[in-house]
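1. how would this look folded up:
(chains A, B, C and D)
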There are 2 protein chains.
Amino acid sequence: MTIKLTSKDDEKRAKIFKALSEVKRIEMIRYLVRHPEHKTCGEVGESLGMDKSNVSYHLKILYEAELIHIYRRGQNKYGQLREDTFNAFLPGFLDSL
Amino acid sequence: MTIKLTSKDDEKRAKIFKALSEVKRIEMIRYLVRHPEHKTCGEVGESLGMDKSNVSYHLKILYEAELIHIYRRGQNKYGQLREDTFNAFLPGFLDSL
DNA sequence: CTTGTAATTTGAAAGTTTTAAAACTATCTG
DNA sequence: CAGATAGTTTTAAAACTTTCAAATTACAAG
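-> The predicted structure is shown next:
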């Protein structure tokens, strides 16, 4: 079941595109695609050579665009792709990465 | 024949996403989808209630992301979607508008 | 409760984007 | 050529984004 989008969704579309308009955030998404075992924020930052506060900043933008879920387990936080959003707004995108 | 993309294309992807990260530019793309008889810059601006210099500014961003072609005929300039780019980077997107 | 580790928030600096008016360039028509 | 119309460039202000260090919060384990 695919959701039908209309011009009312333009704000949402724009937000998603803005979230993906930085190479670093595309790399973060790719990292999550390639590591479905759910990596912590720290691991993401380490792998991509980013400052920890900067990782938080970018993850929040992805979260606010509903491109990822974030859940805590103990001291760590994990990012998880929201395939529902990608499928609705960018079908085929995750596979193209 | 679809083109295979890699992480080397992240700059290009980011540029395309940035170009589509403004509601106005999404509306411009939709306008071009719905008016394949090739509307002038002036008509686009008129329809979307934009200042002419602002139309130029936004069309240039879409052009630089290779999302549209621009050609002149007489006094007018016309925008034309680049389906090749949409198909390569955002398959299904134009149909979702 | 204290210490350590993980992540977020805050705040300042630097950089980028958007807007709109004014000046400019290109083309057409008489 | 002059005047009109279509679009672009320049400029400056306002708004927004990104980065990083320092302060802060959240949780775990002793």
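2. what does chain A put close to DNA strand D?
-> By Cβ under 7 Å from any atom of the strand, the residues of chain A that approach DNA strand D are A:18, A:21-22, A:24, A:50-51, A:53-54, A:57-58, A:61, A:72, A:74-75. (C-beta placed from N, C-alpha, C; glycine too.)
3. how about 10 Å then?
-> Counting by Cβ under 10 Å from any atom of the strand, chain A comes close to DNA strand D at A:14-15, A:18-25, A:49-58, A:60-61, A:72-77.
4. from these, which ones fall inside strands?
-> Among the residues of chain A next to DNA strand D, the ones falling in strands (DSSP state E) are A:72-73, A:76-77.
5. Which two of those residues have the greatest separation?
-> Maximum pairwise distance in those, criterion Cβ to Cβ, is 7.9 Å, between A:73 and A:77.
6. all helices for chain A, in order.
-> For chain A, helices defined by DSSP state H occupy the ranges A:10-19, A:23-34, A:41-48, A:52-64, A:83-89, A:93-96.
7. so which of those helices comes closest to residue B:36?
-> Nearest of the helices of chain A to residue B:36, taken as Cβ to Cβ: helix A:10-19 at 20.3 Å.
8. from the ones in strands among the residues of chain A next to DNA strand D, which is closest to residue A:83?
-> Closest approach to residue A:83 among those (Cβ to Cβ): residue A:77, at 19.4 Å.
9. any idea how far residue A:58 is from that closest one?
-> 13 Å (Cβ to Cβ, to the nearest Å).
10. the more surrounded of those two?
-> residue A:58 (20 against 16; other Cβ atoms under 10 Å in any protein chain shown).
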